[in-house]
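A.B. asks: could you work out the structure for the sequence below:
(2 chains)
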Amino acid sequence: MIRDMMGRIYRNFKGEILVLPGRTLALLVGLAIFIAPLLTRDIYILRIITLTSIFAVFAASWDLLSGFVGQLNLGHALFFGVAAYTSAMLNLYLKLPPLLTIPLGAIAAVAAGLAIGIPCLRLKGQYLSLATLAFPIILKGVVYIFKQYTGGELGVSGISRLAGSRLAECYIALLLGVSLCLLIWKITDSKLGLIFHAIREDEIAARASGINTTAYKLLAFCLSGLFAGIAGGFYAHYMRLAGPSMLDVMLSFQAIIWTIFGGIATVYGAVTGVVILFPLMEVMRAFPEIRMLFFAVTIVIVLRFMPEGVAPWFLDRVEKECPRCKERNAFTRRNCRVCRTLLIAGKEVSAGTEGQTGHPTD
Amino acid sequence: MNTRQLVTVFLLALFCFGMILLAGCARQEEEGNVIKIGVAGPMQFIHGQHHMLGAQMAADEINDAGGIKVGDDYYTIELVKIDTNELLSVDDASSAVEKAIAQDNIDLLVGTIRTEAAVAIQELMMDHQKIYITCGASFKEMADKVSQDYDRYKYWFRLTPLNGELLAKASLLLLQHVGQVMKDDYGIETPKVAVVCEEAAAGDTLAAVAQQVIPSFGMEVAGVWRPSPQATDMTAELAAIRDSGAQIIYTYLSSSGGVTYARQWGELKIPAASVGINVEAQSKGFIEATDNYGNYEFTLNTYAPVEITEKTIKWYEDFIAKAGEFPTYNAGTYDALYIYKEAVERAGTLDLDAVIEEMEKTRFTSACGIQAFDENHDVIWGPEYVTAVGTQWQDGELKCVWPYDWQGITYPGTVKYQLPPWVEEALQK
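C.D. replies: Next up is the predicted model:
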């Protein structure tokens, strides 16, 4: 039985991952990132890996709401900040451990998602975006008003660590990052994801099909808040500080930049954006004078030559989509790995007719 | 996919991994007899530039004199410039410092300015058990941690500026000085004071303390105004202050709003003397930025071109020659390096506990006074230590006007405080 199971896992691994260059590369990069902490033990590298994992979840959560459901959120830092402050204050004042404060912070972020979602869902397009932009600014004001609890502009500091060592923190962040990003990806790949797509593409048509679009949009706000909240709580415990910078407009824009750079409405694009840009900006610390200029120029160049983002651009070059069954195939293949359709640019040939006249099918 | 596309993809992947590898491998070889000192600050701004210049001046002098003597050996100082970008991003700041710890192997850190970043860096440095001398953030609670958990926070010291509470005390002494001038010269028994503190954490503290303390000075609070730190128009506040009948304005303005305030105060000839803290008024470009309306602005300062100690004037002039700007409190990195040097030399070892013990005994004659640390590792303020100074713009020049016979102290070169002529006129009426 175990042998059968192992055999099935191996076949799935070979048939679903190794067969596609994009997934193979993602696996290799993932493995390299998992092994790196064991090889280096350099706390700075561990820090980059930890923060990259946290921000990957943050960016993917923005993609879930704005990329998949089309609800352009310009104030995504709200979820991050609410969870960070909640976790930090629960830890500091009630002495709750991070294991409790992070989920509770995430629940607070979900509540924030509801609080924004309910009034904002009556708005559409740029009006919705502007409204979402306002919320973190409002919360920042609240933070300053209740400074006896929130520490005002100084933030809440002195909260406990996530784990006893940097290595442990790094692996917790990695495991959490990978599992949450996979979960977000599975959500977008499920029936729920299909409904999200439908709402984004044509909300009226989705409603006409019997979908309660308001409920689903609210659900998207809550899910997005949940994942961003987990990232925020984790970040607060890692930095051992929750401050007003976690509600900054710039943090919201960073999630947008990372996602659009990597490829919007893909989840893996958001993760790719963070995995490339965050370490790259750390490397650029060696050139502080041109660091921000380099960042801006890189974004502009990428958006000019890869308008759909780095990840889709790369996948378009190493993989081909079968025009018949829509399955992805490695660029080296002549035939679709599922339906055997001949994969030639501009035309498709069904299995059995290959090598004959080449009549297009479908 | 054609060959060209393949090459492009390959190069892109290579570039990304190369960058990541570079970050990991960019270690410098350890050199013998070198002490690496990290200088942290927002290097694209004047704050970080003053951190760096102060430290560079000290490092050059110490290295030229042979270095730091540890037992029989001499160690040279190597500075590691850490651009924290802290005014824009807190996690940028702690990442930059962690990089300096892990990859540049710094032995000591000086600098930082934004409190939120300084607090995060303080935790980081304590985790790594490395000495961190704050030269820029005034958050008092950073020092309180030392007495609360000495074993963890003993590596932390603050040199500049004074902590928030002491800044409030010192700036209120300036207010008292102006009030005394009004009483002595114009017979005003109970001057009315308008409190103008920007909407910020330090502003909250100062506004609260000022309202509590002003009546005990024999003065009356005419009202409290809380403009935005980056206000571009303060005519409404200033008009209200004029209507309130205030004769003195007590300020706490740490940002660009300080220029707006001073320009409009002078332009509108508000009949109230301005005194307190206006950080913008500490810089050389202030008088031009206010179109010369900033004359008579009176602010608390760290350095002034008077003989606070025998070192002050020469150091002050040297700094201006190199920076083209008056030194701000961030330039305290200069003294931080000397204090560390002297502590190491007294200890005769680089052992941290021994060095910290010696740093706690510090009594260093710096350009801003005698520097020593209290039991919380915070710089001591007082007549025998660092007093801070009050500087006033008079005829387009920054003059030291306080201490003026305060606790028997008047630094040679200090001039008398001047009331603005339009205020004198109003008082005579």
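
A.B. asks: any weak-confidence spans in the chain?
C.D. replies: Because you didn't say which chain, this covers chain A. A:344-362 (pLDDT under 70).

A.B. asks: please go with chain B instead
C.D. replies: Using pLDDT under 70, chain B drops low at B:1-31.

A.B. asks: now do the domain split for it, please.
C.D. replies: B:34-161+B:309-371, B:165-301+B:388-428 (automatic domain parsing).

A.B. asks: so which of those domains is the most packed in?
C.D. replies: Highest mean neighbour count of the domains of chain B: domain B:34-161+B:309-371, a mean of 21 (counted as mean count of other Cβ atoms under 10 Å in any protein chain shown). C-beta: built from backbone N, CA, C; applies to glycine.

A.B. asks: wait, does that domain contact chain A?
C.D. replies: Yes: residues of domain B:34-161+B:309-371 contacting chain A under Cβ under 8 Å from any Cβ of the partner chain: B:43-44, B:81, B:83, B:85, B:88-91, B:94-96, B:98-99, B:101-103, B:115-116, B:119-120, B:123, B:139, B:141, B:145.

A.B. asks: the domains of chain B: which one's closest to residue A:106?
C.D. replies: domain B:34-161+B:309-371 (19.7 Å; Cβ to Cβ).

A.B. asks: what separates the closest one from the chain centre, distance-wise?
C.D. replies: Chain-centre distance of domain B:34-161+B:309-371: 13 Å, with Cα atoms, centre = their mean, to the nearest Å.

A.B. asks: show the end-to-end separation of that domain, please.
C.D. replies: Terminal residues of domain B:34-161+B:309-371 are spaced 26 Å apart (Cα to Cα, to the nearest Å).

A.B. asks: now do stretch B:216-231
C.D. replies: Terminal residues of stretch B:216-231 lie 31 Å apart, using Cα to Cα.

A.B. asks: residues in contact with that stretch?
C.D. replies: B:172, B:175-176, B:179, B:183, B:189-200, B:203, B:207, B:210-211, B:214-215, B:234, B:237, B:240-241, B:244-246, B:248, B:253-257, B:260-261 (Cβ atoms under 8 Å, 6 or more residues apart in numbering or on different chains).

A.B. asks: hang on, the earlier thing: out of the residues of domain B:34-161+B:309-371 next to chain A, list just those in helices.
C.D. replies: B:90-91, B:94-96, B:98-99, B:101-102, B:115-116, B:119-120, B:123, B:141, B:145 (DSSP state H).

A.B. asks: need the max-distance pair from those.
C.D. replies: Spatially, the most separated pair among those is B:102 and B:141, at 27.3 Å (Cβ to Cβ).

A.B. asks: quick one: name the residues of chain A near chain B.
C.D. replies: Checking chain A against chain B by Cβ under 8 Å from any Cβ, the hits are A:25, A:36, A:40, A:42-45, A:47-48, A:51, A:144, A:147, A:152-155, A:157-158, A:239-241, A:243-245, A:250, A:276, A:279-280, A:282-283, A:285-286, A:288-289, A:291, A:314, A:317-318, A:331.

A.B. asks: show the buried residues in the residues you listed.
C.D. replies: A:36, A:42-45, A:47-48, A:51, A:144, A:152-155, A:157-158, A:239-241, A:243-245, A:276, A:279-280, A:282-283, A:285, A:288, A:291, A:314, A:317-318, A:331 (16 or more other Cβ atoms under 10 Å in any protein chain shown).

A.B. asks: filter the contacts of stretch B:216-231 down to the ones near chain A?
C.D. replies: Answer for these near chain A (Cβ under 8 Å from any Cβ): B:199-200.

A.B. asks: give me the residue from the stretch 301-429 of chain B nearest chain A.
C.D. replies: Across the stretch 301-429 of chain B, no residue is closer to chain A than residue B:376, which sits at 15.5 Å (Cβ to the nearest Cβ).

A.B. asks: still on that earlier bit, just put the domains of chain B in JSON lines and tack on distance to residue A:99.
C.D. replies: Output for the domains of chain B, formatted as JSON lines (distance: least, Cβ to Cβ, whole Å):
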{"stretch": "domain B:34-161+B:309-371", "distance to residue A:99": "20"}
{"stretch": "domain B:165-301+B:388-428", "distance to residue A:99": "31"}
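
A.B. asks: outline the domain layout of chain A.
C.D. replies: By the assignment in automatic domain parsing, chain A contains the domains A:20-319, A:322-362.

A.B. asks: point to the residue nearest the middle of chain B.
C.D. replies: By Cα atoms, centre = their mean, chain B has its centre lying nearest to residue B:329, at 3.3 Å.

A.B. asks: contacts for stretch A:212-221, please.
C.D. replies: A:64-65, A:68-69, A:71, A:113-114, A:116-118, A:121, A:192, A:195-196, A:199, A:203, A:206-207.

A.B. asks: cutoff 10 Å now
C.D. replies: A:64-66, A:68-71, A:73, A:79, A:110, A:112-118, A:120-122, A:128, A:132, A:187, A:192, A:195-196, A:198-200, A:203-204, A:206-207 (Cβ atoms under 10 Å, 6 or more residues apart in numbering or on different chains).

A.B. asks: break down chain A into its strands, ranges please.
C.D. replies: Counting by DSSP state E, one finds strands in chain A at the ranges A:156-157, A:241-242, A:319-321, A:328-330, A:342-344, A:347-349.

A.B. asks: highest average neighbour count across the ones you listed?
C.D. replies: strand A:241-242 (a mean of 31).

A.B. asks: who touches that one?
C.D. replies: A:80-89, A:91-92, A:105, A:143, A:150-151, A:154-159, A:232-233, A:235-236, B:90-91, B:94, B:116-117, B:119-120, B:122-123.

A.B. asks: direction included, what does that strand pair against?
C.D. replies: Strand A:241-242 sits in its sheet next to strand A:156-157 (antiparallel), going by DSSP bridges.

A.B. asks: top helix in chain A by residue count?
C.D. replies: helix A:213-239.

A.B. asks: what angle do helix B:90-102 and it make with each other?
C.D. replies: 30 degrees (axes from the mean of the first three to the mean of the last three Cα atoms, to 10 degrees).

A.B. asks: who's in contact with residue B:315?
C.D. replies: With Cβ under 10 Å, 6+ apart, residue B:315 has these contacts: B:54, B:57, B:303, B:308-309, B:327, B:331, B:334-335, B:366-368.

A.B. asks: farthest-separated two in those?
C.D. replies: Farthest pair in the contacts of residue B:315, by Cβ to Cβ: B:57 and B:308, 17.4 Å.

A.B. asks: which stretches of the stretch 51-200 of chain A form helices?
C.D. replies: In the stretch 51-200 of chain A, the helices defined using DSSP state H, counting those that start in this stretch lie at A:77-94, A:98-120, A:125-145, A:147-150, A:166-189, A:191-201.

A.B. asks: quick one: contacts for the most centrally placed residue in chain A?
C.D. replies: Nearest to the mean C-alpha position of chain A, counting by Cα atoms, centre = their mean, stands residue A:60 at 1.3 Å. By Cβ under 10 Å, 6+ apart, the contact list for residue A:60 reads A:67, A:177, A:180-185, A:188, A:224, A:227-228, A:231, A:255, A:258-259, A:262, A:266-271, A:273-274.

A.B. asks: same question for residue B:402.
C.D. replies: Here residue B:402 is in contact with B:170, B:173-174, B:176-178, B:275, B:298, B:300-301, B:304, B:387-392, B:409-411, B:414, B:417 (Cβ under 10 Å, 6+ apart).

A.B. asks: so which of those residues belong to strands?
C.D. replies: Residues of these located in strands (DSSP E): B:275, B:298, B:300-301, B:389-392, B:409-410.

A.B. asks: in the stretch 251-362 of chain A, what residue lies closest to chain B?
C.D. replies: Here the residue of the stretch 251-362 of chain A nearest chain B is residue A:288; by Cβ to the nearest Cβ that distance is 3.8 Å.
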